[in-house]
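J.: Need coordinates for the following:
(chains A, B, C and D)
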Protein chains: 2
Amino acid sequence: MPIVWGMADDVFKALADPTRRHILDELTERDGQTLFEICARLVTKHGLGLSRQAISQHLAVLESAGLVHPRRQGRYKFHDLNTEPLECIVTRWLRPDAPGEHP
Amino acid sequence: MPIVWGMADDVFKALADPTRRHILDELTERDGQTLFEICARLVTKHGLGLSRQAISQHLAVLESAGLVHPRRQGRYKFHDLNTEPLECIVTRWLRPDAPGEHP
DNA sequence: TTGATAGGCAAGTCGTAACTTGCCTATCGT
DNA sequence: ACGATAGGCAAGTTACGACTTGCCTATCAA
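T.: Model (predicted):
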């Protein structure tokens, strides 16, 4: 009877890190960026001075959580945002008696 | 120009731990539980064998994130769920052009 | 008032996540 | 073919989060 939230585990762990959330912000703004593009934009726009490998490992976490979909093309690897796992978790603790949605 | 997601930091960190998510599940099912009630129900319903202090610290994290609202009454301390911080973060990476597309 | 209940505070241990460093492979341009 | 670009793999270090242990305070019931 208890719903299995197994897949939500990776999603929440992926969202726990602020750098990964910045990466998702970047991909929301422009989809299909490469690793180096993301590195550059994190430095210039968010002031984050991280090594390339750090970003690569963060992207791996986001991929394993299903939040980022990699797409290889030659020597490039483009990263597409995938918000589907998010929609599964947002309604978890929202009560049916609480219609507090206001746009 | 960039929106400040400072308060979201605590929310995501609070949601990162599976035990804390179980606590939120419990409070969703029955609001206003005490620390000992939560301890007992986590053991019986979820099979989690944690000390009272562990749960207490988890509740402190949830409180500082604004997800749980404590309410003192005598020697009891009831915990109420507060989903307002959740509604602020769910729309962060949802694109305006993608209102629930289905591939 | 005494004992039991409900909870808090402060250290200390331990595992894991984040980040770095160094080296390696693959693809493209010329 | 060669060097430059884009990325991956595998260590090692470090810092933080989760959990425990021990003791303390506050409230209620007898």
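
J.: For stretch A:17-28, report the contacting residues that lie outside it.
T.: Residues outside stretch A:17-28 that contact it (Cβ atoms under 8 Å, 6 or more residues apart in numbering or on different chains) are A:14-15, A:33, A:38, A:41-42, A:45-46, A:48, A:50, A:54-55, A:58-59, A:61-62, A:67-68, A:79-81, B:5, B:8-9, B:12, B:92-93, B:95. Backbone N, C-alpha and C define where each C-beta goes, glycine included.

J.: Also near DNA strand D: which of the residues you listed, exactly?
T.: A:Leu59 (Cβ under 7 Å from any atom of the strand).

J.: So which of the contacts of stretch A:17-28 belong to helices?
T.: A:14-15, A:38, A:41-42, A:45-46, A:54-55, A:58-59, A:61-62, B:8-9, B:12 (DSSP state H).

J.: which one of those residues is nearest DNA strand C?
T.: Proximity of the ones in helices among the contacts of stretch A:17-28 to DNA strand C (Cβ to the nearest atom of the strand) peaks at A:Ala54, which lies at 3.6 Å.

J.: Just list the residues touching that closest one, thanks.
T.: Per Cβ under 8 Å, 6+ apart, neighbours of A:Ala54: A:Thr19.

J.: Quickly note the distance from A:Val43 to A:Leu50.
T.: Separation of A:Val43 from A:Leu50 (Cβ to Cβ, to the nearest Å): 8 Å.

J.: I misspoke; the intended subject was A:Pro85.
T.: In terms of Cβ to Cβ, A:Pro85 sits 24 Å off from A:Leu50.

J.: can you list the weak-confidence ranges in chain A?
T.: A:1-6, A:96-103 (pLDDT under 70).

J.: rerun at 50
T.: A:1, A:98-103 (pLDDT under 50).

J.: number of nearby residues for the residue in it positioned nearest to DNA strand C?
T.: With Cβ to the nearest atom of the strand as the measure, A:Gly74 is the residue of chain A nearest to DNA strand C, at 2.4 Å. A:Gly74 has 5 neighbouring residues, counting by other Cβ atoms under 10 Å in any protein chain shown.

J.: Could you measure from it over to A:Thr91?
T.: 40 Å.

J.: what's the answer for A:Phe36, then?
T.: If you go by Cβ to Cβ, the gap between A:Phe36 and A:Thr91 works out to 37 Å.

J.: What distance do you get for A:Ala65 to chain B?
T.: Counting by Cβ to the nearest Cβ, to the nearest Å, the gap from A:Ala65 to chain B is 12 Å.

J.: from what I can see that residue touches A:Ala8, true?
T.: No - using Cβ atoms under 8 Å as the test, A:Ala65 is too far from A:Ala8 to be in contact (9.4 Å).
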